[in-house]
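[1] how would this look folded up:
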Amino acid sequence: MKQQSLMEHTPGKIPVKLRAFFVILIVVIVFYFMTRTAILNWNRVPLKELHFKLGYLMFSFSILFFTFFLGAYAWKLVLSKFGENLSFLKSLQIISLTQGGRYIPGKIWALAGQAYLAQKENISFQSAMTTVILMNIGYIIASLLVAFCFGGLYYGQHSVINLFLLIMVLIGGLISIHPYIVNRLIRISEKIFKKEFLNYDIRMTYSDSLKLVFIFIVGCILQGIALFCFINSFYDLSVQSIIPLIGINASAFAIGFLAVIMPAGIGVREGVLSYLLSFYMPPSIAVISSILARVWITIGELVLFLIFAKNLKRYI
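    Next up is the predicted model:
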């Protein structure tokens, strides 16, 4: 079975135990410095400014869940371009049940798991795997665009270089989502894993690619707004900070995603988030916020997993 050969193939030539050691080492180092920063700056924590606002917390989860639903809809949409029919509910169920694979080093396990479960719903494994990779390419492009665009909106007026970079990223992003370029990226992915497991019968037009990236851009913006509401549930942020916060969240996600060996970007995402947040709040609060943000997202993923867990046995 092709999917079995893919699952058995471990990306890269570094031994599994050695790779796991480096992953753990990096996570420990990052969290050590984050903890050290929090402790050294603890006396500067404005305890009187900390609070708990349930309304903000619930609203943040509402937006977070909506972004999950948006991702499920996007996958259903992309699959339809390959002649595959998967309902929105099944799409959401499969994504929810396989998110845990992101916490395994290598990035491939969540993708392969998602494709494997889709096969159980009579979706071609090759089409499922190809669309999952397309989704990830689209999301990383959208994240970079949001990071630069919202950073440009906030800083561009003070720097010609930032405005120039913003224009270059926008042009690069629009070029990179062209089906021809995406197809080349898929072929590169296949060479990396040294397996022919993808479907090249891509009937997505440039308009379809733009629509997909637009959906992900909306998702990135909403996740940034959700993070803003989450932090406001325990620490007041000004409304003006929502624009840079959207860019910060997108930047942290993109950098965490590109850290291939780090499961779900653990450590890297928190490090980037705490550093960038420290420009808008005390360093100790920034560290706490970045760690709690990970817990917040994990709780959201866990809730969806538990909702669909009863259906897991049909895929085993």
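[2] around F230, how many other residues sit close by?
    22 (other CB atoms under 10 Å). Using the backbone N, CA and C atoms, a C-beta is placed for each residue, glycine as well.
[3] need the nearest residue in space to it, chain neighbours excluded.
    S60 (3.9 Å; CB to CB, 6 or more residues apart in numbering).
[4] what helix or strand is that neighbour located in?
    helix 54-80 (DSSP states H and E).
[5] so where's the stretch 1-150 of the chain uncertain?
    Applying pLDDT under 70 to the stretch 1-150 of the chain flags the ranges 1-47, 101-109.
[6] outside of stretch 116-124 itself, list whatever touches it.
    For stretch 116-124, contacts defined as CB atoms under 8 Å, 6 or more residues apart in numbering pick out 3, 7, 79, 82, 84, 86, 90, 94, 97-98, 125, 128, 199, 314-315.
[7] now do the same end-to-end measure for it.
    Terminal residues of stretch 116-124 lie 9 Å apart, using CA to CA, to the nearest Å.
[8] name the residues of it that come out as buried.
    Residues Y116, L117, A118, Q119, E121, I123, S124 are the ones in stretch 116-124 that count as buried (16 or more other CB atoms under 10 Å).
[9] the helices in the stretch 151-300 of the chain, which residues?
    Shown for the stretch 151-300 of the chain, the helices assigned by DSSP state H, counting those that start in this stretch span residues 160-176, 179-193, 206-232, 242-258, 268-277, 283-308.
[10] same thing with the stretch 1-150 of the chain?
    According to DSSP H, counting those that start in this stretch, the helices that the stretch 1-150 of the chain contains are 2-8, 16-40, 54-80, 88-98, 108-119, 125-155.
[11] elements contacting the helix holding S60?
    Here helix 54-80 touches helix 88-98, helix 125-155, helix 206-232, helix 283-308, going by 3 or more CB pairs under 8 Å, 6 or more residues apart in numbering; DSSP states H and E.
[12] tally of neighbours for I175?
    Counted with other CB under 10 Å, the neighbours of I175 add up to 10.
[13] now swap in N311 and tell me
    13.
[14] just I246 next, same as before
    I246 has 26 nearby residues by other CB under 10 Å.
[15] that one contacts L145, correct?
    No. Applying CB atoms under 8 Å, one finds I246 not in contact with L145, separated by 11.7 Å.
[16] looking at the helices of the stretch 151-300 of the chain, spot the one closest to I137.
    Comparing the helices of the stretch 151-300 of the chain against I137 with CB to CB, the closest turns out to be helix 179-193 (5.9 Å).
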